[in-house]
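sequence isn't available, so here's the structure alone:
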DNA sequence: CACCAGGTTGACC
DNA sequence: GGTCAACATGGT
């Protein structure tokens, strides 16, 4: 019985309040954060972003040309720092060559395909960039969302779950942003790998 | 000390 | 098409 997602959204909003997710001064900062946040705590990403800012490396041009050791030092705290450094600089080159807003303004389908062709950018990272930097309504499916979908009896791969959310909700950017953040807030507390308590969603 | 975190890739079936 | 180790640090 689909159609319960909007109800779930309001339940979570009542319980946790607005999350105002992905605070960032620029779109490029969102892009960098999206890459760095892979398989790490957000607090580590904030630290890394701060480090990059202190070195004035938070622009595509600066980051693309920056010294490798310097970049690795800045992002070490996010883990996988060698491959993330490589991928971050390749991504910076790409945005530097074509222009951040020029790229983000492209039609969603085209944009998604382009992002996915970049090394280190998979579906979740691409969709995070589209939703939080390009401000277009694609629903981000992360590990927490997958976990909650299991509770809801929704099975399938990334695209399947994404279609389910997008088909069940109005295509609204703010709604997608908040809902995604609320799912994470909820799952972190009540639907961890070890336990699934007080499940308000079933 | 073991396990986990806002994933992606390339190898292998 | 799906599964899986590798990638690396820091927190609980």
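That came through fine. A quick note: this is a predicted structure, and the numbers were derived from the prediction, not measured.

now do the contacts for residue A:30.
Contact analysis of residue A:30 by Cβ atoms under 8 Å, 6 or more residues apart in numbering lists A:22, A:24, A:128, A:129, A:132, A:133. Every C-beta, even on glycine, is put in place using the N, C-alpha and C of the backbone.

and which of those residues is nearest to residue A:155?
residue A:128 (22.9 Å; Cβ to Cβ).

among the contacts of residue A:30, which ones are buried?
A:22, A:24, A:128, A:129, A:132, A:133 (16 or more other Cβ atoms under 10 Å).

can I get these in TSV with distance to DNA strand B and secondary structure?
As requested, the buried ones among the contacts of residue A:30 are exported to TSV (distance: Cβ to the nearest atom of the strand, whole Å; DSSP: H, G, I helix; E, B strand; the rest coil):
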residue	distance to DNA strand B	secondary structure
A:22	5	coil
A:24	10	coil
A:128	5	helix
A:129	9	helix
A:132	6	helix
A:133	11	coil
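
could you dump those into CSV with pLDDT added?
Compiled in CSV, those are given as follows (pLDDT from 0 to 100):
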residue, pLDDT
A:22, 90
A:24, 94
A:128, 98
A:129, 98
A:132, 98
A:133, 98
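
tell me the one of those nearest residue A:145?
residue A:128 (12.0 Å).

skipping adjacent residues, who's closest to that closest one in space?
What sits nearest to residue A:128 in space, not counting adjacent residues and going by Cβ to Cβ, 6 or more residues apart in numbering, is residue A:34, at 4.3 Å.

what about that neighbour, which helix or strand?
helix A:27-36 (DSSP states H and E).

same question for residue A:101.
helix A:100-104.

can you list the residues of chain A near DNA strand B?
A:21-22, A:33-34, A:37-42, A:79-80, A:118-126, A:128, A:132, A:142-144, A:181, A:184, A:188, A:192-194 (Cβ under 7 Å from any atom of the strand).
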